[in-house]
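Enquirer: Using only what follows, build the 3D model:
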Amino acid sequence: MSNPFNLEQKLKEQAKERPAMSKTVRNRIDATLESLPESPVELNIEQVQTPRSRRVRRGLRRTAGVVIAASALGVTVFASGFVSPALANSLRSIPLVGSLFSSIEADMGLRTAGNEGITTTVNRSFAHQDVKFNVLETVYDGTRAAFLVHVTAPNLNQGMYDNGKDIVKLSNGVENVFFDVNGSRLDGGLFYSSAGANEPDTLLFEQVIPTDHTGSIPDQFEAKVKLTLQGMEHEFELSVPFTKSTTNTRNVQLDTVVNNDLYTATVSKAEVTPITTRLTTSIGLNRKEKLTAKEEEQLRDIRFAVYDDQGRQLTALSGDGAYEGNQLKWESIYATTSKDVKYLVVKPFEVDDNYAEDVKDHQFLKGMDMKILLP
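Expert: Down below sits the predicted model:
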């Protein structure tokens, strides 16, 4: 593929006057040149949730914004003083070296995917009039299908979108998002977010695969993602290819039960990949057969914090719950902290402080910790 910036020639000219660059930097530039698109795009990711269903559901609970760090190429080359200002401008115009997922600080699972090289570069563009969506990169582990989309539009400026009536965040200007696989639309579990002030024009989409669909979705599939932008009648349809990037899925069927005078908590299933952890849990009121509305609310305010064998808390991403008898059963999605985790500790806690992720000691239900050994 042709290089619009003639980087190879400029690097050779610079090499005559400067010390030779390291082999690591050279390899990264070579890899970038091989993957250049027809025209350069800026890599840029915010948070909105699909409408709630009638079931109990909680959405993404991440810190505000997803921070994108500098690429290895930018840090190594520019900090070395190796390049001229003209060449520096050229290099800044090409895609970041490596996976953009590796710089997502709010999600250790996606960051691991980027660091381990288990993401897929896509670079597909879909345009209507002068609005363009460019699908940059995907990752799929059987539980979560995540992808990055850069948006270009004349009425989009630094993440602020003019919908004709008001100026809103880009993520708030996106509507009616649907994720179809093999002609079947997945119900719920689709979230999207933006990088905030630093990288405002790229959206991070995540589709959690429902457990009743996991067996029917192949390791490779093409998703049809349909969405609209406020102020436009056109429905965009993005064709996004996914390939399952890891076979290291650890499944644990168990019946771990703890209780105190008031509650009984259980963990019945754990499914852990290097990217995503899915837990099936329940919390029930003792000596009750059927819950009143007040008791349902009481159970709804009890959640499960999860910690790995190093004491790191897994980021809670989403959850879907349903009442059965005297229990509230949860299927919850968390970001995996490490591919080598040996066990998890699940700790029920009472929600306060507006669902803050940082759980205080007084919130935990004492004596109800559950240790889950992973194979």
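
Enquirer: Same question for Lys165, what's its three-state structure.
Expert: Here Lys165 takes the coil state, with states given by DSSP: H, G, I helix; E, B strand; the rest coil.

Enquirer: I should have written Ala322 there, sorry.
Expert: Ala322 ends up strand, using three-state DSSP.

Enquirer: Thr112 now?
Expert: For Thr112, the assignment made with three-state DSSP gives helix.

Enquirer: Same check on Arg287?
Expert: coil.

Enquirer: do the one 4 residues further on as well
Expert: Secondary structure of Leu291, reduced to three states by three-state DSSP: coil.

Enquirer: who's in contact with it?
Expert: Taking C-beta atoms under 8 Å, 6 or more residues apart in numbering, we find Leu291 in contact with 285, 299, 323, 325-326. Every C-beta, even on glycine, is put in place using the N, C-alpha and C of the backbone.

Enquirer: repeat that with 6 Å
Expert: Asn326 (C-beta atoms under 6 Å, 6 or more residues apart in numbering).

Enquirer: For it, grab phi and psi.
Expert: phi -90, psi 140 (degrees, to the nearest 10).

Enquirer: ok, it to Ala265 distance?
Expert: 15 Å (C-beta to C-beta, to the nearest Å).

Enquirer: what do you get for Glu295?
Expert: Glu295 is 15 Å from Ala265, by C-beta to C-beta.

Enquirer: Compare the two and say which is more crowded by neighbours.
Expert: Set Glu295 next to Ala265 and count neighbours by other C-beta atoms under 10 Å: Ala265 wins out with 23 against 15.

Enquirer: from memory that one sits against Val258, does it?
Expert: Yes - when contacts are counted by C-beta atoms under 6 Å, Ala265 is listed as touching Val258 (5.4 Å).

Enquirer: okay, and the common contacts of the two?
Expert: With C-beta under 6 Å, 6+ apart, Ala265 and Val258 have common neighbours Met368.

Enquirer: Please tell me I have it right and Val306 contacts Tyr334.
Expert: Yes - using C-beta under 6 Å, Val306 is in contact with Tyr334, at 5.5 Å.

Enquirer: what's the helix or strand for Gly188?
Expert: Using DSSP states H and E, Gly188 falls within no helix or strand.

Enquirer: what separates it from Lys224, distance-wise?
Expert: Counting by C-beta to C-beta - Gly188 and Lys224 are separated by 17 Å.

Enquirer: What of Val135?
Expert: From Val135 to Lys224 the distance is 12 Å (C-beta to C-beta).

Enquirer: So the two - more neighbours on which side?
Expert: Using other C-beta under 10 Å as the criterion, Val135 and Lys224 rank with Val135 on top: 21 against 15.

Enquirer: low-scoring stretches of the stretch 151-300 of the chain, by residue?
Expert: 195-198, 214 (pLDDT under 70).

Enquirer: And the helices in it?
Expert: Along the stretch 151-300 of the chain, the stretches classed as helices by DSSP state H, counting those that start in this stretch are 170-173, 293-300.

Enquirer: just the strands in the stretch 51-200 of the chain please.
Expert: In the stretch 51-200 of the chain, the strands defined using DSSP state E, counting those that start in this stretch lie at 56-58, 120-128, 131-140, 144-152, 156-157, 160-162, 167-169, 174-181, 184-185, 190-194.

Enquirer: just how off-centre is the fourth one within its chain?
Expert: What separates the centre of strand 144-152 from the centre of its chain is 9 Å, taken as C-alpha atoms, centre = their mean, to the nearest Å.

Enquirer: So in that sheet, which strands flank it, and in what orientation?
Expert: Sheet pairing for strand 144-152, assigned by DSSP bridges, gives strand 131-140 (antiparallel), strand 202-208 (antiparallel).

Enquirer: Compute the inter-axis angle for it and strand 174-181.
Expert: 140 degrees (axes from the mean of the first three to the mean of the last three C-alpha atoms, to 10 degrees).

Enquirer: what's the angle from strand 144-152 to strand 190-194?
Expert: 40 degrees.

Enquirer: Report whether His362 is found in a helix, as I expect.
Expert: Yes - according to three-state DSSP, the state of His362 is that of a helix.

Enquirer: got the contact list for it?
Expert: Per C-beta under 6 Å, 6+ apart, neighbours of His362: none.

Enquirer: Ok, Asp309 next?
Expert: 341-343.

Enquirer: Just among the residues you listed, which is most surrounded?
Expert: Val341 (20 neighbours).

Enquirer: now it, nearest residue through space, not along the chain?
Expert: Distances taken as C-beta to C-beta, 6 or more residues apart in numbering place Asp308 nearest to Val341, at 4.7 Å, with adjacent residues excluded.

Enquirer: The one you found - how many residues pack around it?
Expert: 22.

Enquirer: so it touches Lys342, yeah?
Expert: No - assessed by C-beta under 6 Å, Asp308 is found out of contact with Lys342, at 8.4 Å.

Enquirer: coming back round to it: can you say which of the strands paired with strand 144-152 is packed in most?
Expert: Mean neighbour count (mean count of other C-beta atoms under 10 Å) peaks for strand 202-208 among the strands paired with strand 144-152, with a mean of 24.

Enquirer: Thank you, goodbye.
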